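[1] pasted the sequence and its predicted model underneath.
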Amino acid sequence: MRLQITLILLAAMSTEPASSVELLGHTSQSGGEILRLMRNDKLDLVLPGAMRDNNVDMWIHVTRQGDPDPMAMQFGSTYGYLVFTDLGDSIERAVFGGAGAVENIDIWGSAAIARALSSYDPGYRIAEGYGDEVYNEFREFVVERDPQTIAVNRSEWLPVADGASHTAYTKLVNILGPAYSERIVSAENVITDFVVRRTSREVTAQTNTLEISRQIVAEALSRIEPGATTIREITWWAMEEAFRRGLGEHRTWSPGGIRMYFSDSPPTTEPNSRWWIVHGDHVFQQGDFFAFNVGVNYMGFGTDTKTHAYILREGESGVPESIQHAFDQAIRGQWIMRDHIRVGMTGGEALDAVVAAMEAEGYIYTAFKNSSVGAVAQDTSDEDYLIIQRALENTDRSGFYVDHHSYGNTGVVGPSLSPFRPDVHHLRIQENHIFAFEYAVHTNLPERPGYPISINISNPQLVTSKGVEFIQPPNERITLIQ
């Protein structure tokens, strides 16, 4: 572990090709141990504050076998009722109706978690089996503790906090009875704080993920042969490389593809979209300018990193001047916005601050009301592109939009700086906030007037009391492919 982390830190400071440093892979045993420690740290160090800061006496996390739980990375395959109770000096932990998980001796199962937690909290208890006997014990357990506020994983706006099915929730209400069911509130605020208050192990896992992906993407780009290599071929190579490094037991490579900004084949002198999501059998060609947008998933942490590349035409030694100018305008935004995202700000406050900072530097704000990401084929249009075209008509200024969304191992949970994520604008940025530093900058090109190029910048980074810290190299250059 010490050697692996050292290699990661050294590699993260480098933007050289993957061959310069080789990140060690991991085994099922090492991965399981890391995940166990990560889970225990969250329960020991984060859970008490997440419950108490939201005035929750008891948190009942309801799961059902065969119905995937969005919090499985945190709790394992727990089937039944995972109950956390604030006893004042400690958080009591219990599982009811978890027979399926109790029989599972794998490190991911709740039985393994329960055994691991026993050494921290001797009062941890497991009630095995199903049926009236367990349900009666569960009801008596709740009545004995008499919680005034019971948080349950039901939410209208936060998917990760809405894991309880209607049937499972109805059964819980029947078990608790009318008096205690009236004390139920959504667990959305508890789950939000439990997720976004990142431990050092979680930050390390996210950093590992980004570095593994950086290495694989750098090697993948070096393997592209213009006129011969397809997107499908290079994606499959990357998937096999991820498996070679021991990442096969988790969800690894997304099937996402290439965001094509500019291409000679097919011609895009009059595009109807800011970019195209290109898949499968597309053959890379000279003159293609694109973002490579696939990456590994390690311990549930993903990448959402756009690595930009340009395939040189015959006689070219660098990126065309117009594209380089547009890219420079795009990456400049990282340094403008970085100082305006701070711990303690709400998502809405930080969004206003970064927009004002960009506008003060001469950029035109193009706020979108949805999260559409461009057309998937040449014959489909992108409504947001019309907004960009109108905003940049008859001007040499660049436009921009922002989507600095929260990130990590449970999807978009926590404050996000995005006009189309208003439900989380009230949430505050907390210490060790992992977010995708994502936005796009649009610039007119002389070779296609009226049809601006829109370059999407995205790198998951970290917000601490010091400000935005780069846990991976920011976008700074375009990779050239011969």
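    Nice, I can see it.
[2] for residue 448, which non-adjacent residue is closest in space?
    Nearest non-adjacent residue to residue 448, counting by C-beta to C-beta, 6 or more residues apart in numbering: residue 269, 4.9 Å away. Backbone N, C-alpha and C define where each C-beta goes, glycine included.
[3] quick one: contacts for the one you found?
    Residues in contact with residue 269 (C-beta atoms under 8 Å, 6 or more residues apart in numbering) are 447, 448, 451.
[4] could I get those in TSV, plus columns for secondary structure?
    Formatted as TSV, the contacts of residue 269 follow (DSSP: H, G, I helix; E, B strand; the rest coil):
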residue	secondary structure
447	coil
448	coil
451	coil
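[5] any chance of TSV for the residues you listed, columns distance to residue 165, pLDDT and neighbour count?
    Formatted as TSV, those follow (distance: C-beta to C-beta, whole Å; pLDDT from 0 to 100; neighbours: other C-beta atoms under 10 Å):
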residue	distance to residue 165	pLDDT	neighbour count
447	54	90	12
448	51	90	16
451	47	93	19
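[6] how near is residue 149 to residue 53?
    13 Å (C-beta to C-beta, to the nearest Å).
[7] more neighbours: which of those two?
    Higher neighbour count among residue 149 and residue 53: residue 149, with 15 against 12, using other C-beta atoms under 10 Å.
[8] surely the more buried one and residue 52 touch.
    No - using C-beta atoms under 8 Å, residue 149 is not in contact with residue 52, being 11.0 Å away.
[9] any low-confidence regions in this structure?
    Within the chain, the set of residues satisfying pLDDT under 70 comprises 1-28, 77-78, 98-134, 246-257, 266-267, 279, 369-381.
[10] ok so, going back, in a helix, the residue nearest to residue 448, correct?
    No - Residue 269 is assigned coil when assessed by three-state DSSP, not a helix.
[11] separation between the residue nearest to the spatial centre of the chain and residue 437?
    Nearest to the mean C-alpha position of the chain, counting by C-alpha atoms, centre = their mean, stands residue 407 at 3.2 Å. Shown here: residue 407 relative to residue 437, a distance of 9 Å by C-beta to C-beta.
[12] what do the two both touch?
    Shared contacts of residue 407 and residue 437 (C-beta under 8 Å, 6+ apart): residue 460.
[13] which ones are touching residue 303?
    Residues in contact with residue 303, defined by C-beta under 8 Å, 6+ apart, are 209, 210, 213, 295, 296, 297, 460.
[14] does residue 198 really touch residue 435, like I thought?
    No - judged on C-beta under 8 Å, residue 198 makes no contact with residue 435 at a distance of 10.8 Å.
[15] just the ones in helices from the contacts of residue 303, please.
    If you go by DSSP state H, the contacts of residue 303 have 209, 210, 213 in helices.
[16] could you find the closest non-adjacent residue to the last one?
    With C-beta to C-beta, 6+ apart as the criterion, residue 213 has its nearest non-adjacent residue at 3.8 Å, and that residue is residue 295.
[17] show me what contacts the one you found?
    Counting by C-beta under 8 Å, 6+ apart, residue 295 touches 209, 213, 216, 217, 253, 254, 302, 303, 304, 305.
[18] show me the two of those residues that sit farthest apart.
    Pairwise distances across the contacts of residue 295 peak at 14.9 Å for 216 and 304 (criterion: C-beta to C-beta).
[19] more crowded one of these two?
    Ranked by neighbour count (other C-beta under 10 Å), residue 216 and residue 304 place residue 216 first, with 25 against 19.
[20] identify the residues contacting the more buried one.
    Counted by C-beta under 8 Å, 6+ apart, residue 216 has contacts 18, 238, 241, 242, 295, 296.
[21] quick one: which of those residues is nearest residue 353?
    residue 295 (28.8 Å).
[22] right, and residue 262 touches residue 268 too?
    Yes - Residue 262 lies in contact with residue 268 (C-beta under 8 Å); the separation is 6.2 Å.
[23] where do the helices of the stretch 51-200 of the chain begin and end?
    72-75, 99-102, 110-118, 132-145, 166-176, 178-181, 188-196, 200-222 (DSSP state H, counting those that start in this stretch).
[24] of the ones you listed, flag the one that's most buried.
    Neighbour counts (mean count of other C-beta atoms under 10 Å) averaged over each of the helices of the stretch 51-200 of the chain peak at helix 188-196, with a mean of 24.
[25] hmm, back to that, of the contacts of residue 295, just say which sits nearest to residue 317.
    Of all the contacts of residue 295, residue 317 sits closest to residue 217, with 23.3 Å by C-beta to C-beta.
[26] so the closest residue to that closest one other than its chain neighbours bridges to which residues?
    Ranked by C-beta to C-beta, 6+ apart and with sequence neighbours excluded, the top spatial neighbour of residue 217 is residue 307, at 5.0 Å. Note on residue 307: beta-bridge partners residue 292, judged by DSSP bridges.
[27] residue contacts, residue 307?
    By C-beta under 8 Å, 6+ apart, residue 307 lies in contact with 214, 217, 218, 221, 291, 292, 293, 479.
[28] so which of these comes closest to residue 416?
    Distance to residue 416 across these (C-beta to C-beta) is lowest for residue 293, with 19.0 Å.
[29] next one: residue 385 from residue 278, what distance?
    Taken as C-beta to C-beta, the span from residue 385 to residue 278 is 16 Å.
[30] which one of the two has more residues nearby?
    The residue with more neighbours, out of residue 385 and residue 278, is residue 385; 22 against 19, by other C-beta under 10 Å.
[31] so that one belongs to a strand, correct?
    No - assigned with three-state DSSP, residue 385 falls outside any strand and is helix.
[32] next, the residue nearest to it when sequence neighbours are not counted: secondary structure please.
    Nearest residue to residue 385, sequence neighbours excluded (C-beta to C-beta, 6+ apart): residue 274, at 4.8 Å. When classified by three-state DSSP, residue 274 comes out as coil.
[33] backbone dihedrals for residue 274, both of them.
    Here is the backbone geometry of residue 274 (degrees, to the nearest 10): phi -70, psi -20.
[34] does it touch residue 451 like I think?
    No - using C-beta under 8 Å, residue 274 is not in contact with residue 451; the gap is 9.3 Å.
[35] show me where the stretch 351-482 of the chain has its helices.
    Applying DSSP H, counting those that start in this stretch to the stretch 351-482 of the chain gives helices spanning 383-391.
[36] list the contacts for residue 363?
    333, 397, 398, 399, 400, 441 are the contacts of residue 363 under C-beta under 8 Å, 6+ apart.
[37] beta partners for the nearest residue to residue 167 once chain neighbours are set aside?
    If the residues on either side of it in the chain are set aside, residue 167 comes closest to residue 64, at 7.7 Å by C-beta to C-beta, 6+ apart. Per DSSP bridges, the residues bridged to residue 64 are residue 67.
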